[in-house]
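Undergrad: below: sequence and its predicted model.
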Amino acid sequence: MPSEARLHPASILFGLIGQLREFAVPLVLAFIAGSQRGNVDTIAWIVLIPYTVIAVGRYYWFTYRFDPHELVIRSGMIVRNERHIPYARIQNLDAVQNVLHRALGVVEVRIDTGSGAEVDATLSVVTWPAYAEMRQRVFAGREAAGAEAAVVPETTGSKLLLALPSRELAIYGLIENRASIVIAGLMGLLWEAGIAERVLERYVGEAAAEGGVLRELMSSAVSGLGWQRYAAAALALLALLAVLRLLSVGLALVRLHGFRVARVGEDLRAEYGLLTRVTATIPLRRIQTLTMTEGVVHRLVRRTSIRVDTAGGRRREGGGRRRESLAPVIRHGDSAALVREVLPELDLSAVDWQRPARGAFVREVRRRLILSALVAAAAAYVWQWRALVLFAVLAAWAVLAASRTVAHLGWAVVDGAVLFKSGWLVRHLTIARFTRVQSVELWQSPFDRRWSMARVGVDTAGAGAGSHRVHIPYLPLGVAGRLHADLSAAAARTAFHW
């Protein structure tokens with residue numbers, strides 16, 4: 001039997017840190033309570049001693065070995081677990097390094113076969129030579145099994161597809177504005193702690209303590225605060241937006257520092273991160289759909305974002321399937337070349353886009369006008385006759401939005417793939433190859449039947465809640481029937497590939 005290997009001794013430290021992080025909130029509360037009673041040292045020993053014993057035990061009982069056709073991982077102190085992972089099933093061998101990893105010269109390895117919502121195994125931590133040996137062993141084992149290589153050895157030549165300098169990452173930060181999510185979470189914590197409530201009391205009075213903050217703010221907006229206060233509020237809002245954008249740029253520079261994507265054999269390998277360095281593998285054959293996204297800011301700076309959905313990918317927190325970032329941001333002129341690396345048979349410049357049915361605008365604008373009327377009716381309870389002005393503004397916006405939304409709807413069928421684009425302010429273009437199609441659906445709502453229309457949808461293995469799916473609305477009934485039949489036949493004629 002091949003000899004079994006152990007993790008690096010630093011695994012004890014990372015195991016202890018992981019346990020402390022998992023119970024961070026109750027531990028902080030315990031230390032606060034202990035500081036008030038003067039027994040912090042006692043609480044520290046009570047916490048650290050058992051956690052350290054657990055971390056040492058996990059290190060001692062965790063081993064792995066390379067068999068001829070599979071990787072075998074053994075773990076567990078009380079309940080023993082032995083996991084066999086065939087080399088032919090391993091899709092990703094991702095390496096993650098934070099600042100402490102790099103200081104100690106170790107790396108966390110995540111093994112994924114694409115079979116479930118989580119990674120199949122995590123090796124925390126091993127040395128870089130051990131990680132390189134694992135890649136070589138897995139690759140050799142795949143070749144011996146006659147499988148298509150998804151993990152390639154380090155010696156295989158690579159082709160650089162995309163490298164993002166700091167300027168491009170700063171543009172990405174301005175586009176995404178991720179800092180607003182962080183600030184929203186911070187505001188939630190401040191509100192729960194009562195700090196935000198006390199600040200608002202200074203401006204809206206004791207109504208904040210009684211839960212009437214929003215009502216008082218609305219009343220103040222209606223009754224009028226004077227142009228000086230409106231101007232001050234506008235300046236404060238602009239300053240807040242500017243600070244959020246700057247914070248977002250900083251987050252992008254740190255999180256995606258040194259972002260590069262290279263093609264290595266039949267894989268795309270992405271590397272990025274300043275504090276936490278990630279090396280991720282995207283097997284080309286696991287890509288189910290490719291989506292290009294352009295928001296308003298994207299178009300102003302002539303950039304686009306490209307993401308892919310992969311089959312069997314891990315799920316994010318909240319249940320949505322993880323989407324891989326192929327290019328967080330890329331110039332319009334460079335996007336076509338990157339798409340050809342993933343879909344070499346596709347020429348986006350030669351696509352013949354088809355339009356929705358003629359009645360699509362009428363249906364879209366009616367839906368939006370009804371929603372506008374409901375919003376204005378609700379606002380009339382507070383604003384009374386002023387709600388008519390609100391309805392006029394919302395109605396004008398509904399007409400504009402409906403016309404632009406329908407104008408940017410389109411679909412096309414090319415050799416081997418179906419394409420769908422939608423969106424006005426934020427535009428999406430999704431490509432799904434027939435070899436990745438799992439099902440083709442045609443359905444009609446009561447409104448579709450009244451207008452002699454139908455919707456055609458294509459589902460793939462990697463589609464998640466946050467994906468832009470190929471669901472084509474507002475099709476004439478005859479066109480929808482033919483499209484459904486053609487897509488079903490084309491998917492049936494081609495062999496399905498994971």
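TA: In hand now; what should we look at?
Undergrad: C-alpha only now, for contacts and for neighbours.
TA: Fine.
Undergrad: buried ones in the lengthiest helix in the chain?
TA: Ranked by number of residues, the top helix in the chain under DSSP state H is helix 227-255. Within helix 227-255, the residues that qualify as buried are 244, 245, 246, 247, 248, 249, 250, 251, 252, 253, 254, 255, counting by 16 or more other C-alpha atoms under 10 Å.
Undergrad: in a markdown table: the residues you listed, plus distance to residue 91 and pLDDT.
TA: Output for the buried residues of helix 227-255, formatted as a markdown table (distance: C-alpha to C-alpha, whole Å; pLDDT from 0 to 100):
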| residue | distance to residue 91 | pLDDT |
| --- | --- | --- |
| 244 | 38 | 83 |
| 245 | 37 | 85 |
| 246 | 37 | 88 |
| 247 | 35 | 88 |
| 248 | 32 | 89 |
| 249 | 33 | 91 |
| 250 | 32 | 91 |
| 251 | 29 | 89 |
| 252 | 28 | 92 |
| 253 | 29 | 93 |
| 254 | 27 | 92 |
| 255 | 24 | 91 |
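Undergrad: tell me the helix or strand right after the longest helix of the chain.
TA: Counting by DSSP states H and E, the next helix or strand C-terminal to helix 227-255 is strand 260-264.
Undergrad: what's the average pLDDT for the helix or strand where residue 306 lies?
TA: Residue 306 belongs to strand 303-310 when assigned by DSSP H and E. Mean pLDDT, strand 303-310: 91.
Undergrad: quick one: contacts for residue 72?
TA: 64, 65, 66, 82, 83, 84, 85 (C-alpha atoms under 8 Å, 6 or more residues apart in numbering).
Undergrad: next, count neighbours for the fifth one.
TA: Residue 83 is flanked by 14 other residues according to other C-alpha atoms under 10 Å.
Undergrad: how about it: what's its closest non-neighbour residue?
TA: Once flanking residues are discounted, residue 83 sits nearest to residue 73: 5.1 Å by C-alpha to C-alpha, 6 or more residues apart in numbering.
Undergrad: ok, the second one next?
TA: Closest residue to residue 65 in three dimensions, ignoring its sequence neighbours and counting by C-alpha to C-alpha, 6+ apart: residue 4, at 4.7 Å.
Undergrad: pretty sure the one you found contacts residue 61?
TA: No. Taking contacts as C-alpha atoms under 8 Å, residue 4 lies outside contact range of residue 61: 11.2 Å.
Undergrad: and this protein, what are its domains?
TA: Domain assignment of the chain by automatic domain parsing yields the ranges 5-89+132-156, 176-254, 272-356+409-493, 360-407.
Undergrad: winner for burial among those domains?
TA: Comparing these on average neighbours per residue, with mean count of other C-alpha atoms under 10 Å, the densest one is domain 272-356+409-493 at a mean of 18.
Undergrad: that one: end-to-end distance?
TA: The first and last residues of domain 272-356+409-493 sit 40 Å apart, counting by C-alpha to C-alpha, to the nearest Å.
Undergrad: where does the prediction get shaky in the stretch 301-450 of the chain?
TA: Applying pLDDT under 70 to the stretch 301-450 of the chain flags the ranges 311-324.
Undergrad: check contacts around residue 172.
TA: By C-alpha under 8 Å, 6+ apart, the residues touching residue 172 are 249, 252, 328, 329.
Undergrad: likewise residue 254?
TA: Taking C-alpha under 8 Å, 6+ apart, we find residue 254 in contact with 273, 274, 275.
Undergrad: still on that earlier bit, can you lay out the contacts of residue 172 as TSV showing distance to residue 57?
TA: Listed next are the contacts of residue 172 as TSV, based on distance: C-alpha to C-alpha, whole Å:
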residue	distance to residue 57
249	42
252	38
328	41
329	45
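Undergrad: re earlier: now the strand holding residue 306: how far from the chain's centre is it?
TA: Taking C-alpha atoms, centre = their mean, to the nearest Å, one finds the center of strand 303-310 at 10 Å from the center of the full chain.
Undergrad: report the separation between residue 461 and residue 435.
TA: 11 Å.
Undergrad: how far off centre is the longest helix of the chain?
TA: Taking C-alpha atoms, centre = their mean, one finds the center of helix 227-255 at 25 Å from the center of the full chain.
Undergrad: residue boundaries of the strands in the stretch 101-250 of the chain?
TA: 106-112, 121-127, 158-163 (DSSP state E, counting those that start in this stretch).
Undergrad: tell me which of those strands sits nearest to residue 21.
TA: strand 121-127 (15.2 Å; C-alpha to C-alpha).
Undergrad: buried ones in the closest one, by neighbour count?
TA: 123, 124, 125, 126, 127.
Undergrad: thinking again about what came up before, who touches the helix or strand following the strand holding residue 306?
TA: Remark: after strand 303-310, the chain's next helix or strand is strand 323-331, criterion DSSP H and E. Strand 323-331 is contacted from outside by 162, 168-169, 171-172, 261, 270, 282, 302-310, 467, using C-alpha under 8 Å, 6+ apart.
Undergrad: what of stretch 267-275?
TA: Outside stretch 267-275, the residues within contact range by C-alpha under 8 Å, 6+ apart are 97-99, 150-152, 253-263, 277-284, 326.
Undergrad: same check on stretch 97-113?
TA: 8, 10, 89-96, 118-128, 131, 275-278, 312.
Undergrad: could I get the CA-only coordinates of it as CSV?
TA: The C-alpha coordinates for stretch 97-113 follow below in CSV (Å, rounded to 0.1, in the frame of the first residue of the first chain):
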residue,chain,number,x,y,z
GLN,A,97,-3.4,31.6,0.0
ASN,A,98,-3.9,34.4,2.5
VAL,A,99,-1.2,36.6,4.1
LEU,A,100,-0.5,34.0,6.8
HIS,A,101,-0.3,31.2,4.3
ARG,A,102,2.3,33.0,2.3
ALA,A,103,4.3,33.9,5.5
LEU,A,104,4.5,30.2,6.4
GLY,A,105,5.0,29.0,2.8
VAL,A,106,1.9,26.8,2.7
VAL,A,107,-1.4,26.6,0.7
GLU,A,108,-4.9,25.5,1.2
VAL,A,109,-6.0,23.0,-1.5
ARG,A,110,-9.7,22.5,-2.5
ILE,A,111,-10.7,19.4,-4.4
ASP,A,112,-13.9,19.6,-6.4
THR,A,113,-15.4,16.9,-8.6
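Undergrad: average pLDDT across that stretch?
TA: When pLDDT is averaged over stretch 97-113, the result is 90.
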